[in-house]
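> what's the 3D shape of this:
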Amino acid sequence: MYLKGVSVIISTYNGTKTIGLALEYLANQICQCPCEIILVDNASTDETKAFCDTWWDKYGNKSISYKSFFQPIPGKSYAQEMGYAEASYEYLLVCDDDNLLNEAYVQLSFDIMESDSTIGALGGWCDAMFEGNKPDWFDTYSKYFAVGKQGKSSGDITNKKGCLYGAGMVIRKSHRLQLNELGFKPLLTCRKGDSLSSGGDTEYCYALRLLGYKIWYDERLHFFHYMLAKRVNLEYVTKVRKAISYSNFVCDTYLDEISRKESHGTILRKKIKKELKKHFFQKIKNRLIGSFEEKEKSKEYFRNLYYLKFKQSEYFENRNSIKKWL
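Have a look, this model is predicted:
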């Protein structure tokens, strides 16, 4: 058993523009449970680690321990794995370098996880805080910035949304060890530097579900996502949606395993047939002359068809990979 407490895991790449604010909110945490910050600089080129070390030494909360590390291998997953390995406590709270957690977040996370040993992953919700002005279109596309609520009410969302976004998510170190011992190998990887990828948090939630654990949401867990002006644009939305299309294809493998659907060609033929019924020719028209949203949805539609038709071998390899550790 690991020590009872909360390890806040921060992986960051060139995060000096936002991480000072994130650390300020962590320093303001009001908690009685043991807490530590594990910061991992993921091959930054702007001296992020030195900046954070100096900041915490001057302004940090003395009741919260602080450790920092440098991960030279690019890739958020490598940084997070280092953070998890260095964590002293059972509860691992993922805090991105632009997440501003409310002052009760750590203690509430501890209390909720302590209250039910069957909770595998716990999440909250966030508002956006902008460096510049809020665009008129933002509320329509806020989910692509991991902004908004993850459930209609607090409680078990295992069979509803069924997953959580990684920001602000709380998991158990013992579950990671359990998955490692089973031979679990993630099918998705997280972003490297400024590149975009998606779905590692969803994949982990689905893996926990396969082991019988709950996915839990609590609306008392609130934080802000600080938005740098350079990221708040529709081009970013397009890039995120492209990344999500592939991750959905991979994560659907887990959903099929959870639902115990057949693992042969028939399942993909059924999916392709279902997609072709969704106004195929209208999607072509929308792709050419539609609005921004119509074009984006048509892109998603054709990407999905492509994966189902031309990535079938990958689908079955993924199903077999899951079965090996399951």
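
> Average the pLDDT values over stretch 27-37 and round to the nearest integer.
On average, the pLDDT along stretch 27-37 is 97.

> quick one: that stretch to chain centroid distance?
Offset of stretch 27-37 from its chain centre (CA atoms, centre = their mean, to the nearest Å): 22 Å.

> how about that stretch: buried residues?
Residues 27, 29, 31, 33-37 are the ones in stretch 27-37 that count as buried (16 or more other CB atoms under 10 Å). Where C-beta positions appear, they are placed from N, C-alpha and C, glycine not excepted.

> got it, and stretch 273-288?
Neighbour-count burial for stretch 273-288, counted by 16+ other CB under 10 Å, picks out 275, 283, 286-287.

> Turn the buried residues of stretch 27-37 into a markdown table, including distance to residue 215.
Listed next are the buried residues of stretch 27-37 as a markdown table, based on distance: CB to CB, whole Å:
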| residue | distance to residue 215 |
| --- | --- |
| 27 | 30 |
| 29 | 24 |
| 31 | 24 |
| 33 | 22 |
| 34 | 25 |
| 35 | 23 |
| 36 | 25 |
| 37 | 25 |
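
> among those residues, which are in helices?
Using DSSP state H, the subset of those located in helices is residue 27.

> mind listing which of the buried residues of stretch 27-37 are in strands?
Members of the buried residues of stretch 27-37 lying in strands (criterion: DSSP state E): 35-37.

> Of the residues you listed, which is the nearest to residue 307?
Checking these against residue 307 by CB to CB gives residue 37 as the nearest, at 38.9 Å.

> I figured that closest one was touching residue 12, is that so?
No. Residue 37 is beyond contact range of residue 12, at 11.7 Å (criterion: CB atoms under 8 Å).

> where along the stretch 51-200 of the chain do the helices fall?
76-86, 105-115, 173-182, 200-210 (DSSP state H, counting those that start in this stretch).

> So which elements touch the first one?
Under the contact definition 3 or more CB pairs under 8 Å, 6 or more residues apart in numbering; DSSP states H and E, helix 76-86 sits against strand 3-12, strand 35-42, strand 65-71, strand 89-94.

> Now do that helix against helix 173-182, angle only.
For helix 76-86 against helix 173-182, the angle by axes from the mean of the first three to the mean of the last three CA atoms, to 10 degrees is 110 degrees.

> roughly how far is helix 76-86 from the heart of the chain?
Its chain's average C-alpha position is 14 Å from that of helix 76-86, according to CA atoms, centre = their mean.

> residues near the closest residue to residue 34 other than its chain neighbours, how many?
In space, and not counting its chain neighbours, residue 34 is closest to residue 5: 3.2 Å by CB to CB, 6 or more residues apart in numbering. Using other CB atoms under 10 Å, residue 5 is surrounded by 18 other residues.

> Residue 5 is in contact with residue 31, isn't it?
No. Counting by CB under 8 Å, residue 5 does not reach residue 31; the two are 9.4 Å apart.

> Identify the contacts common to the two.
Counting by CB atoms under 8 Å, 6 or more residues apart in numbering, the common neighbours of residue 5 and residue 31 are residue 110.

> so how far is residue 246 from residue 114?
Distance, residue 114 to residue 246, using CB to CB, to the nearest Å: 37 Å.

> more crowded one of the two?
Higher neighbour count among residue 114 and residue 246: residue 246, with 18 against 13, using other CB under 10 Å.

> What does that one show for phi and psi?
With angles defined as degrees, to the nearest 10, residue 246 sits at phi -70, psi -40.

> just residue 73 next, same as before
Dihedral angles (degrees, to the nearest 10) for residue 73: phi -80, psi 120.

> What is the neighbour count of the nearest residue to it once chain neighbours are set aside?
Using CB to CB, 6+ apart and skipping the chain neighbours, the partner closest in space to residue 73 is residue 43 (7.0 Å). Neighbourhood size, residue 43 [other CB under 10 Å]: 17.
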